[in-house]
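Undergrad: no FASTA, just this:
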């Protein structure tokens with residue numbers, strides 16, 4: 001196994017060195033690719049090419065730019081109707097961005113007390129350095145507690161009606 005690994009390493013090194021040296025070596029030019037001063041094209045060929053280029057330039061200057069016509073090839077025999085100009089319609093302003101979300105209190109715990117009328121849940125919130133206990137309908141800062149479920153309290157902003165879930 002060591003022989004195979006060393007053979008692969010040796011061949012990889014040889015290929016890498018060959019590739020690197022081939023890139024650094026100058027490209028040899030054969031006799032067909034060397035152009036000497038005696039092989040310049042005759043002046044008659046150059047003058048003919050110059051004349052053709054001049055004709056093409058003249059022709060390009062004479063060609064008129066295409067102007068759109070009022071012709072509609074899909075409506076045969078119909079009278080021409082000029083296109084109506086589009087009046088600038090006022091762009092309605094985008095609605096104002098919604099107010100930023102209020103800082104939500106951190107939910108610390110949810111307690112439950114069994115009563116004859118059913119379970120009454122109370123949520124404990126951490127507001128600053130204080131702990132606030134709230135039931136559905138109570139206010140927590142500017143928000144009102146809508147419902148208390150297992151691990152989830154739903155708070156509603158009474159002004160905008162946006163509901164927030166605190167976990």
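TA: Right, received. Where do you want to start? On a predicted model such as this, the values are computed, not experimentally measured, just so you know.

Undergrad: quick check: buried residues in the longest helix anywhere in the chain?
TA: Scanning the chain for the helix with the most residues, using DSSP state H, yields helix 2-24. For helix 2-24, a neighbour-count test (16 or more other CB atoms under 10 Å) marks nothing as buried. Backbone N, C-alpha and C define where each C-beta goes, glycine included.

Undergrad: in a strand, residue 145, correct?
TA: Yes - the assignment for residue 145 is a strand, going by DSSP: H, G, I helix; E, B strand; the rest coil.

Undergrad: quick one: mean pLDDT over the longest helix of the chain.
TA: Averaged over helix 2-24, pLDDT sits at 87.

Undergrad: ok, residue 137 to residue 120 distance?
TA: Computed as CB to CB, to the nearest Å, the residue 137 to residue 120 distance reads 12 Å.

Undergrad: run the chain-centre distance for the longest helix of the chain.
TA: Offset of helix 2-24 from its chain centre (CA atoms, centre = their mean, to the nearest Å): 44 Å.

Undergrad: contacts for whatever helix or strand comes next after that helix?
TA: Note on helix 2-24: by DSSP states H and E, the next helix or strand toward the C-terminus is helix 43-62. Contacting residues not belonging to helix 43-62 are not present [CB atoms under 8 Å, 6 or more residues apart in numbering].

Undergrad: after helix 43-62, which helix or strand is next?
TA: strand 106-115.
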